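[1] Below: sequence and its predicted model.
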Amino acid sequence: SKSRPAASAAGTSSERKLTVGVAFETLQTGYWVAGFEAIRHELASRDYAMLEAVADGDANRQLEQVKSFITRKVDGIILVPKDAQTCLPMIKAANAAGIPIVLFNRPAEKSEARSVAVVADNFALTRETVAYQIGVARASGGRREAMILIGDLGDINAVGRRDGFDAAVKGQEDIVDVVARVPTEWSQEKAQAGVVNALQAHPNISFIFTSSDFLLPSIVSALKSVGKYHKVGEPGHVLLAGFDGDATAYAMLKDGYLDATGVQDVSFEAKQAVQAILDLRAGKAVPDLILDPGFVIHQKNLSEKSSQMWGAGVGKK
Amino acid sequence: MKTSWWLERGLRQAPLVLFILILAIFGALAPKFIGVANLVNIGVQAAPAGIVAIGMTFVLLTAGVDLSVGAIMFVGAAVAGKMALNGAPLWLALTAMVGVGAGFGVVNALFITRLRVAAFIVTLALLFVGRGFALWLTQTRAMNLPDAFLQLGSARMAGMPLPLVLFGLVALLAQGVLGRTPFGRQVLAVGHNRESASQAGINTTYVLGAVYLLSGVCAALGGILALGQLGAVTPKFGENYEFKAIAAAVLGGTSLFGGRGAVLPGTVLGALLIQSVENGLVLLNADPYLYPLITSGIIFSAVLLDSVRSFLLERACRRKIRMEAAD
Amino acid sequence: MNAPCALEFSGLAKSFSGVRVLTEVSLTVPAGHTLGLVGENGAGKSTLMNLVAGNLRPDAGEMRLNGVPHAPASSAAAAHAGVAFIHQELNLFPNLSIAENIFLTAFPRLGGTPVIDRSRVHARTAALLTEVGLALAPDTPVERLSTGQCQLVEIAKALSQDARLIILDEPTTSLGAHETATLFALMARLKERGIAMIYISHVLADVLRLCDDLVVLRDGAVVGQGSCNEFTHERLVSLMVGRSLTQFFPERKNRPAVEPVLEVCNLSEPNIVHDISFTLRRGEILGVAGLMGAGRSELARILFGLDPYAAGKIIMEGESLGRITPKQLIGRGLAFLTENRRAEGLCLEASIADNITLVALRDQTRTPFRLLDFNRWREAIATMRRAVRLTARADDAQPVRTLSGGNQQKVVLAKWLLAKPRVLILDEPTRGVDVGAKFELYQLIFELADRGAGILLISSEIEELLGLCDRILVMSRGELRADLPRAEFDREKILQAALPVEEGNA
Amino acid sequence: MADLSHAAAKSVTDRLTATLRRVALSEYLVLWLSVIYFLALAPFTPGLVSPENLVNLLVALLPLFLVALGQTFVLITGGIDLSVTSTIALSSVVGASIVNGNNGWLAGQWFAAPVAVLAMLALGAAVGALNGLAITRLRMPPFIVTLTGMMFFSGLAIWFTQSKNIGGLPVAFTRLGGNGWLAGAIALATGAFAHLMLTRSLFGRWLFATGHNARTAYLSGVPVRGVTLAAYVICGFCAALAAVLYTGQAETGSPVLGQRVLLDVIGATIIGGTSLFGGKGKVLWTLCGVLFLKLVDNSLNLLNLSIFTITMVKGGVILFAALLDATRHRLAGSRP
Ligand SMILES: Nc1ncnc2c1ncn2[C@@H]1O[C@H](COP(=O)(O)OP(=O)(O)OP(=O)(O)O)[C@@H](O)[C@H]1O
Ligand SMILES: Nc1ncnc2c1ncn2[C@@H]1O[C@H](COP(=O)(O)OP(=O)(O)OP(=O)(O)O)[C@@H](O)[C@H]1O
Ligand SMILES: [Mg+2]
Ligand SMILES: [Mg+2]
C-alpha cells in the first residue's frame, strides 16, 4: 500500500488534534529507541499529539498502560507488545473501545481480535544474513568454528533470530561447526564474559553471529583482548555478522570490521504504522500484515544500501 | 583427637574446599578450564561484581542492605561516559564516577542514619531514582566509549590484569579494615544490635553512614571495572548487580541479619564461585536453557554445605562442662 | 571533707510517653563512697542510672559529676566523662571476642595508624580477666560464655575504662557464690583507689554489707536516704514495698506426695552430665544447687528436649520420654523457665499480652475453627497479671521491652503458669526480682506444688533453696554429688559438695 | 462577635491540628497518603477520576495484592521470598499447558479450567514447600534459598516451554483474571481469610511469635518449623493465585510473566508497614501499600510522563512515604 499524504485524514477531524498512544514494551536497545523516535517524528510531522508509555518488559503492566490510553480516549494506538500472545487482551480492549490499534515490529497471534501489524521477519532476515556470512566463509575456504550470541530466551525476537541462525547453518556443517552458544540474556556483560570464555575454550573460533548489534561492542572488546580484531580481508579476520543495523554496526561496516547485518527498516515501519491508523480511522481496508522486507547489508552492497540503514542516520546526527 | 582436629579444620575451610571441588569437576570436563589463562579470566570477570559485593558485605554486616548499587554503577557510568565523549580526560571521568558513588552513598546514609528510614526502602527508592536519571542522561541509548576505557580493562600490572590486581587490593584492604581496625569491629557490633552498640558508646550514625558511603564507592569502582571490560554503557548497565552482590556475600557466609561475615575469603570466594560456574558452562558449550538451572543448583548446594558445616561446627564446639577426665 | 561529690542529682524527673517514672530525685554520692540503690522492680533504678550514663536524657533537673555539670548527650560522652555502666540486661556482642567487647570503643592502636594493636589488646584483656577472676582466653567469642561469665566480662569492661564512677546494676544476678566473692573483693580494691560506685541489687544483705550510703526508691521517688548503718534489713524492706514484711518465705502447708512425676535414671551425655539419677515427686520442690558451670542448666535443657543425651532414661508420670520436642513436652505438662529471659524467655518487641498467652494459646481458642476467643484471652491475661502481681502501670499492649527487669521475669512466669504445668523446671526464677515480688513468686511456687506439681528449682541462692525446697540436689562438674532431704539441710554441706573435686581423688 | 468567630476559628484549627496529628500517627498513614495523593493529582491528571480508570486501577491492583499478601506472611516470620515471580511464571505456563485449546493436555474438556487452576495452586504451594523445607530442615538462609529458587524455577519455566508463549486459553479459564468482578471476589475472599488467619487464629499468633523470637517461640511450644514452612507454602499459594489472575488478564501462559514485579511486591509490603525483620505485619497494611504503589503507577501513566521521569518520580514517592512513616514512628516514640 502506498502511503498517502496526511491532509485527507486530518481534514476529516480538523476541529481536534489527533492523539495517538504509543506503548513500547522496552526501550532497552538502540533499535527500539530508533523506532520510538521514528514514530514520534512521523506523528510530529503530521502534527499529531503523542502519548507514550514503556512497560519495561512487563506484559501485565502494558495492559494497564493500554487501558489508560483507552481511558484517555486516544484516537489510535501503536503497540510494541512483549510477545504475540499477551497483546491479545490489549487488542481486544482497543477493539471494544473502537480504537484502531497497530502492532509495531511484533505481530499478534491469530485470533478474532482485529489488529494490523507492521513487521520485519526476524527468522527470514537472520537466515539470509547468516547465509551471506556462510557464503563468505565458503569462499574463503576451510571449515570454521562458529559461535552464536543468543538473546534473552524469554524474548520471541531473540528466539526467532536463534532459529533463523539454526536454519541457516543446517546442512552447512562442512563449512561451520557451531562450538559455542552463548546465552546473553540481552546483557552486554554476560555477552562479553561469554565471548571471552568461549574464545578461551575454542581459540579457533572465526565465525561469530550476534542476535543483536547492541552486543557488538562486547564482542569487539573480547576480540581485542585476545588480539583477534582485524579488518575484513586481513589475515586472522573473524567473520562477524549481526542483526538490527544500529549505529555501531554501521560504523563497523564502514570501517571494514563487520561482514554483514540484517537491517530492519525503521522509518518505513514507522510510516506504515501511522498510515495504517489513519486508514483504519477513515474506514479503509488495511491488510492485517504489512511486511517490512528488510535487507541484509554487507560489505558488497554497503554504499548502495547505507542510506536506508537507520543506524547510518543515527550515526550522522 | 587428631581426626577431630582435621575435621574441624576441614569444616572451617568448607567454602574453599567446595570452590576447589568445583574447579576440579569443571576441570575434568573441560581441561581448558583450569588453565592459568582461564583462571585469570574468571578473576577478571568476577572483579566488578566482586568489588561491589565487598562494599555490600559491609552494609550487610550492619544488618542493612544496599539495593542501589546497580543504579549507582549506571549513573556513574553514564556521567563518566558523557564526560569522556565530550573530551574530558579519562582520570577526570573516573573521578567523577567515584564521586557519583560517594554522593549516592551519602544520600543513602543521610536518610538511613539521620531520618531513620529503613535501608531497604531508601536504597530501593534510590535504585528507581538512579536508573531513571541515568536513562534520561543516556536517553536510553547505548554509548560507545573511547578506547581509553577498554585499555584500562586490558592493562596489566606486574604481569596481572589491572582489574584482577584492583580486585585483590580492594579485598585485602577491606578485610584489613574489617578485621584490624576499630571501625571494622564496630561495624560488627552495630550489625548485632544498633541500640546496644549505641549504648556501648559507639557512634552508630558514623558507622552506618561510613558503611553506605563505602558501598557507594565500591559500586562506582565495580562500575569502572565493568566499563573497562565492556567499553560501552547500555540501558541495562549494572542491572541486577544488587542481587549478584548480595548472592556473592551470602555465599561467602555473610548473614543478612548482620554481625557475621567476612570479605576474605568469604565474599571474594562467593564472587569467584559464581563466575566459575558461568565460565565453566560456556567452556562446556552447555545448552543455554540449562544455565539458570545449573547455576542455581550449584549456588544452592554451596550454601547448603555451608549451613551443614556451621551446624556441625556448632555441635563440635558445644560447651563442655566436664574436662575429659578419662585421659 | 571538702572534695566535690562524685555525683549529685537535683530534681531529676523522667517520663515515658506521659507516664512518670522518676519524680524529683535528688541525691549525692561522695567521692570514694559506694552508694546502694534499692527499690522494687520498676521503681526506676535502671532508668535513673541510664540518665547518668547518657542513654536517656532527663526531662528536668540537673546532674553534677565531680562538681562539673553533667549532661551527657550519648553514652560515649558519659564514658568520656568517666562514668562506666554495667548494665542489668547484659549488653555484650556475642559475635565479637571478649577482648573486642572490652575495647570496642577504645582500641589501643599501632602508632598513629588506625590499626588495632592486637598484642596490647590481648595483654590488657588478659590482665583485666585475671582481675575479675575469669580464666578464659581473651579471644574467646562471647557467644560461648555463660551468663555469669558475660557479667564478669562486663565488669572487666568497666574496669578498662578507668572510670571515676562505676555503676553496677544488679551485677551478681548470674554469679555464683565464688564469683560474687571475687567481685566484692574487687569492689573493695576499687574503693581503695577512690572510685565512687553505685551498687544496685535486690540482695539486701549484700547492699548492707558493701555500701556506705543507701537510697531507697519507690515509684520513682526517693523514700529513704542515709548512711548505711541507719538501716536494717527490715527497715529497707518496709521502705521499698511501703509496708512491713515480716517473713521472707511463705508458710508451707502441704508435704509432697510419694508418687513420682519425673524420674531420671543414669542420664549421661559426654562432657556435659554424667550418670545423673533422681526422682521428683508430686508436690515436691526439689532444689538443685551448684557452682557456676556445674551443668545444672545443661541438665534442665536435656530434660526439656533441647539437647540430646547419650544414655539413660527420663520417665514422666510413668511414661518414658524418648527424643521428644518441647512442644510435645509442654503438651504433657512440662514447663521450663530458662535462665536467659531476653533471648529465650520473651519476645521483647511483642506485647505483654502476647507473651503471657504464648504457651497456652490453644486454651484461649474456641471451636469450631479454633479462632481466638478474645474474651477468654483478656480474662486469662488479667488473671495472670494479678497472679504474678505485674506492675499496674504497664498496659497489656505495651512491648515487654519497656518493662523493668523484674517485671519481665514475672511475664515469663505468668506465661508458664497459664499452662498449668505438672512439672515445672525453674532455672534461676528469682534472678533480678525484688524482695516483695520474690515473696509473691515463692507463694506462687508453693501454690503450684500444693496443687500437685513437681518443681525442679535451680538456684544459685542457697538461702532460697534452703527456705523453699523439700530436698536439695548438689551438682558439680556435671555429676550429682549429694541428695539432701530437708532434715539434713546445711549450708556448709551444700557448699562442700558443690566444690569440684580434684581430678586425682575423683 | 469578632471574639466568637475568633474562638470558632481557633477551635477549628485546633480540631484540624488534632486531626492532622491523628492522621500522621495513624498506622494507616499510607492509606491517608494515597487519598491525599489522589485528591491532589485529580485536577491535573486527565482521566484519573473516571470510573473506567478507577476500575482499571482496582483490577490491576488485585494480583499484586495477592502476591504481596503471601509475602506478608513470610516477612512476618522474618524471612523473605524472592522466588514469587518465578512461581508466577511457572504456574502460568503449567496451567496454560493443561488448559490451552491447541495442544493442551486437557484441551476442550469441560473440567480443564478447574483442573488447571488446582494444578497451578498445588504447584505454587509445592514451590513454597520446597523453599520452606530448605529453610527449616536444611537451615539455609531464606534469601539465598529463594534467590536460587527464583533462578531455578524461572529457568525451568523457560526450558519447559522452550521460550514459547502458550495462547488459546479458553474463556472459562481467562475469565478468572480477565473479569474484574471475579478477580475482585477472589482477592477479597483470600484477603479476608488471610486477615482472619493473622489476627484470630492460633497459627497467626504463632507466626508473629516466630518472627519476634524463634528461640523463645520454640521453647514455648510453638512448632516453629511447621509455622515457617506454612508461611512459605502460603506465599507460594498466593503467588500461584496471582498467576491465575495475571494469566487470565494476559490470556497467555508466559514463562516470563510477572518477572518484573518483585521489587514492587516487596516495596509495597514494606511501605504498608510490615517489617523486614519479622514480627510485624497486617493484611490491611499490605493492601494500603499496594494501593499506594499502584495509584502512583497509574497516575504517572495517565500524566504521559517519559519512562525516565516515571522511574524517578516513583523512587521519590516511595522515599517520601517511607520518610513520613519514619517521622510518624519517631513522633509516636515507637520503633519502626
Ligand atoms: N522505654 C520505655 N518505655 C516505657 N516505659 C518504660 C521504658 N523504660 C522503662 N519504662 C518503665 O519505667 C519504669 C522503671 O523501669 P526501670 O527499668 O528503671 O526499673 P528498675 O527499678 O530498674 O527495676 P528492676 O529492679 O526490675 O530492674 C518501669 O515501670 C518500666 O516499665
Ligand atoms: N570446657 C569448657 N569449655 C568452655 N566453657 C566451659 C567449659 N567448662 C565450663 N565452661 C563454661 O561454664 C558454663 C556453665 O554454664 P552455666 O553457668 O549456665 O552452668 P550451670 O551449672 O547452669 O550454672 P548456673 O546455672 O549457675 O549458671 C558454660 O557456659 C561454659 O561457658
Ligand atoms: Mg533495673
Ligand atoms: Mg545455669
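    The structure has been received and is ready for your questions. Ligands and ions are numbered 1, 2, ... in the order given.
[2] make it CA atoms for all contacts and neighbour counts henceforth
    Will do.
[3] And the helices in the stretch 201-327 of chain B?
    Assignment of helices within the stretch 201-327 of chain B using DSSP state H, counting those that start in this stretch yields the ranges B:204-230, B:241-251, B:268-283, B:291-316.
[4] what about the shortest one and chain A, touching?
    Read it as helix B:241-251. No: Helix B:241-251 lies out of reach of chain A by Cα under 8 Å from any Cα of the partner chain, never closer than 11.1 Å.
[5] right, and the helices of the stretch 201-327 of chain B - which one's nearest A:Lys110?
    Ranking the helices of the stretch 201-327 of chain B by their distance to A:Lys110 (criterion: Cα to Cα) puts helix B:291-316 first, at 31.9 Å.
[6] List the contacts of the residue nearest the centre of chain C.
    The geometric centre of chain C, computed from its C-alpha atoms, lies nearest to C:Arg431 (Cα atoms, centre = their mean), at 3.3 Å. Shown in contact with C:Arg431 (Cα atoms under 8 Å, 6 or more residues apart in numbering or on different chains): C:173-174, C:406, C:409.
[7] Who are the contact partners of the residue positioned nearest the centre of chain B?
    Taking Cα atoms, centre = their mean, the centroid of chain B lies closest to B:Ala53, which sits 1.1 Å from it. For B:Ala53, the contacting residues are B:244-246, B:248-249, B:267, B:271, by Cα under 8 Å, 6+ apart.
[8] Output the lowest mean pLDDT helix or strand found in chain C.
    strand C:365-366 (a mean of 82; mean pLDDT, DSSP states H and E).
[9] Just give the strands next to it in its sheet, each with its orientation.
    Here strand C:365-366 has these sheet partners by DSSP bridges: strand C:371-372 (antiparallel).
[10] Measure how far the partner strand is from the centre of its chain, please.
    Mean-position distance between strand C:371-372 and its chain equals 35 Å (Cα atoms, centre = their mean, to the nearest Å).
[11] Likewise for stretch A:92-111?
    Taking Cα atoms, centre = their mean, one finds stretch A:92-111 lying 20 Å from the centre of the chain it belongs to.
[12] export it as CSV, just CAs?
    Output in CSV follows, covering the C-alpha atoms of stretch A:92-111 (Å, rounded to 0.1, in the frame of the first residue of the first chain):
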residue,chain,number,x,y,z
LYS,A,92,-9.5,-6.8,22.4
ALA,A,93,-9.8,-3.9,24.8
ALA,A,94,-9.0,-1.5,21.9
ASN,A,95,-11.4,-3.2,19.6
ALA,A,96,-14.1,-2.9,22.2
ALA,A,97,-13.5,0.8,22.5
GLY,A,98,-13.4,1.2,18.8
ILE,A,99,-9.9,2.4,18.7
PRO,A,100,-7.6,1.3,15.8
ILE,A,101,-4.5,-0.5,17.0
VAL,A,102,-1.3,-1.2,15.1
LEU,A,103,1.4,-3.6,16.3
PHE,A,104,4.9,-2.4,15.6
ASN,A,105,7.6,-4.9,14.7
ARG,A,106,6.0,-7.8,16.5
PRO,A,107,2.8,-9.5,15.3
ALA,A,108,0.0,-10.9,17.3
GLU,A,109,-1.1,-14.4,17.2
LYS,A,110,-4.1,-15.2,15.0
SER,A,111,-7.3,-14.7,16.8
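[13] What are the buried residues along that stretch?
    Judged by neighbour count using 16 or more other Cα atoms under 10 Å in any protein chain shown, the buried positions of stretch A:92-111 are A:92-94, A:99-108.
[14] cool, and stretch D:47-55?
    Going by neighbour count (16+ other Cα under 10 Å), the buried part of stretch D:47-55 is D:47-48, D:52-54.
[15] what do you get for stretch C:72-87?
    In terms of neighbour count (16+ other Cα under 10 Å), stretch C:72-87 has its buried residues at C:72, C:74-79, C:81-87.
[16] could you give the mean pLDDT of that stretch?
    Averaging pLDDT along stretch C:72-87 yields 89.
[17] Leaving aside the residues adjacent along the chain, what's closest to the residue nearest the centre of chain A?
    By Cα atoms, centre = their mean, chain A has its centre lying nearest to A:Asp244, at 5.0 Å. Closest residue in space to A:Asp244, ignoring its immediate chain neighbours: A:Val263 at 4.9 Å, by Cα to Cα, 6 or more residues apart in numbering or on different chains.
[18] ok, now which ones touch D:Val313?
    Neighbours of D:Val313 in contact, by Cα under 8 Å, 6+ apart: B:Val129.
[19] can we see that at 10 Å?
    Residues counted as contacts of D:Val313 (Cα atoms under 10 Å, 6 or more residues apart in numbering or on different chains) are B:125, B:128-129, B:132, D:296-297, D:300, D:305, D:307, D:319.
[20] if you look at those, which of them are in helices?
    Among the contacts of D:Val313, the members found in helices (DSSP state H) are B:125, B:128-129, B:132, D:296-297, D:300, D:307, D:319.
[21] Quickly check these for the two that are furthest apart.
    Farthest-apart pair in the ones in helices among the contacts of D:Val313 is D:Ile307 and D:Leu319; separation 18.5 Å (Cα to Cα).
[22] In space, what's closest to whatever residue of chain D ends up closest to chain C - neighbours in sequence excluded?
    Nearest to chain C in chain D, going by Cα to the nearest Cα, is D:Gly221, at a distance of 3.8 Å. With Cα to Cα, 6+ apart as the criterion, D:Gly221 has its nearest non-adjacent residue at 3.8 Å, and that residue is C:Lys327.
[23] Double-check that neighbour against D:Gly226; I have them as touching.
    No: contact criterion Cα atoms under 10 Å: C:Lys327 and D:Gly226 do not qualify, at 11.7 Å.
[24] how much space between D:Leu198 and ligand 1?
    From D:Leu198 across to ligand 1, the span is 26 Å (Cα to the nearest ligand atom, to the nearest Å).
[25] Pretty sure D:Gly279 is one of the things that residue touches, is it not?
    No: between D:Leu198 and D:Gly279 there is no contact under Cα under 10 Å: 11.4 Å.
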